[in-house]
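*Asks:* fold the following, please.
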Amino acid sequence: MRLESFATIRLSNHSLRIMRSSIEAEGLAWEPLLAEAGIPATVVDDPNGEVSGAQELRLQELFADATHHIPGAWFRTGLRYRLMTYGPLGLAVLAADTFQDGLQVMASFQALTYSLMQYALFYEDGALVAMTADDSLVAPQFREFCHERSLASATRFLTDMSPSLLPIARIESVLDRPPGWMDCEQVLGAPVIFGAPVTRWILKAEAAQAPLPMASPLLEETYRSLCARLIEEASVSDDMVGQLYSLLVRAGRGLPSAAEAGRQLGMSERTLHRRLAGQGLSFGSVLDQVREQRAVYLLDNSRLSIERVAEILGFAETASFSRAFKRWKGMSPLQFRRREGRGR
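*Replies:* This is a model prediction of the structure:
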């Protein structure tokens, strides 16, 4: 899965509604997060509302920042994700013939899982024995959030496929948590080992070939086709967005304006803005992401001064760059450059 593809995909608002419920349950304000993510409240209120993957990820980041001080908030949020939350993907999984078939459907359409976590199926001697979770696409500051939420949400996903099956033998997580944390073993219905080198769900021997209770070849074909169409539409949209990312990343000193970027992509500035808006994006949000990536690279891999980095990234003032960087990383550029464990 490519980051650009996820950014352009259209997702239901179910995940947003879950985060709203979680925020409100913790007694926090929801509206400021929504406003900062640039998502109209009407989109969340609409039962059929949709957002782009980029908007979903931005709200996840804001949600993680707003709740990081609340023990177990991300785990409790993950428990709210049920298999039907995933719309066509959940329905395609439920309609699969066996438990293994259902997981293979999920693995084929991971862009529909509301997450940049990459799930893979692990086999031994041709038999499915585990599902693993890789966080390499996730920004370092949000990996703990993704793992804690996934500990609950992915477990719910597996158990919801066949509630009577109890498919999980044990869960191994990279999270640093004490034994008995959040009473998770009782809540999840399986032993949990923290501090593992890899996050994975070890399956019981009989789980893979167990028939699913709602198996239906015709319905599986219908919903797999719908999932494929959603991915295909995102890939088509990704062509233009990917070209824009590439253009901005390749730019030398001074990043191009929207008008200049449009000209180089063979379209007017107005058309560029319109096509980005159709994917729930803006030129400013794409530019912001590229600036963040380039800032991190320059601070980690060069001896350029903070002032020079700000100039290269097109900031009129170093103070403006410092404010933007603190918004991205939660620390100043100088603190980031001096951070413990840099370069590991």
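*Asks:* and stretch 178-196, what's its mean pLDDT?
*Replies:* Stretch 178-196 shows a mean pLDDT of 96.
*Asks:* next one: it to chain centre, how far?
*Replies:* Centroid separation for stretch 178-196 versus its chain: 23 Å, with CA atoms, centre = their mean, to the nearest Å.
*Asks:* ok, stretch 256-264 next?
*Replies:* Relative to the mean C-alpha coordinate of its chain, stretch 256-264 is positioned 29 Å out (CA atoms, centre = their mean).
*Asks:* for that stretch, buried residues please.
*Replies:* Going by neighbour count (16 or more other CB atoms under 10 Å), the buried part of stretch 256-264 is P256, A258, A261, G262. The way it works is simple: take the backbone N, C-alpha and C, and place the C-beta from them, glycine included.
*Asks:* cool, and stretch 178-190?
*Replies:* Applying a neighbour-count criterion of 16+ other CB under 10 Å, one finds W181, M182, C184, E185, L188, A190 buried in stretch 178-190.
*Asks:* in JSON lines: the buried residues of stretch 256-264, plus distance to I23, pLDDT and secondary structure.
*Replies:* Converted to JSON lines, the buried residues of stretch 256-264 look like this (distance: CB to CB, whole Å; pLDDT from 0 to 100; DSSP: H, G, I helix; E, B strand; the rest coil):
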{"residue": "P256", "distance to I23": "37", "pLDDT": "85", "secondary structure": "coil"}
{"residue": "A258", "distance to I23": "33", "pLDDT": "90", "secondary structure": "helix"}
{"residue": "A261", "distance to I23": "35", "pLDDT": "88", "secondary structure": "helix"}
{"residue": "G262", "distance to I23": "37", "pLDDT": "87", "secondary structure": "helix"}
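*Asks:* pull the most distant pair out of these.
*Replies:* For these, with distances taken as CB to CB, the pair at the greatest spread is P256 and G262 (9.0 Å).
*Asks:* mind listing the helices for the stretch 1-150 of the chain?
*Replies:* 3-8, 14-25, 31-37, 41-45, 53-67, 73-79, 88-94, 99-108, 143-161 (DSSP state H, counting those that start in this stretch).
*Asks:* and the residue nearest to S15 when sequence neighbours are not counted, how many residues sit next to it?
*Replies:* Sequence neighbours aside, Y114 is the residue nearest to S15 in space, at 4.3 Å (criterion: CB to CB, 6 or more residues apart in numbering). When neighbours are counted by other CB atoms under 10 Å, Y114 registers 24.
*Asks:* correct me, but Y114 touches E56?
*Replies:* Yes. Look at Y114 against E56 with CB atoms under 8 Å: they come within range, at 5.9 Å.
*Asks:* neighbouring contacts of stretch 196-205?
*Replies:* 122, 127-133, 135, 147, 150-151, 154-155, 158, 166-175 (CB atoms under 8 Å, 6 or more residues apart in numbering).
*Asks:* on that earlier part again, which one of the helices of the stretch 1-150 of the chain lies closest to A228?
*Replies:* In terms of CB to CB, the element of the helices of the stretch 1-150 of the chain nearest to A228 is helix 99-108, at 8.4 Å.
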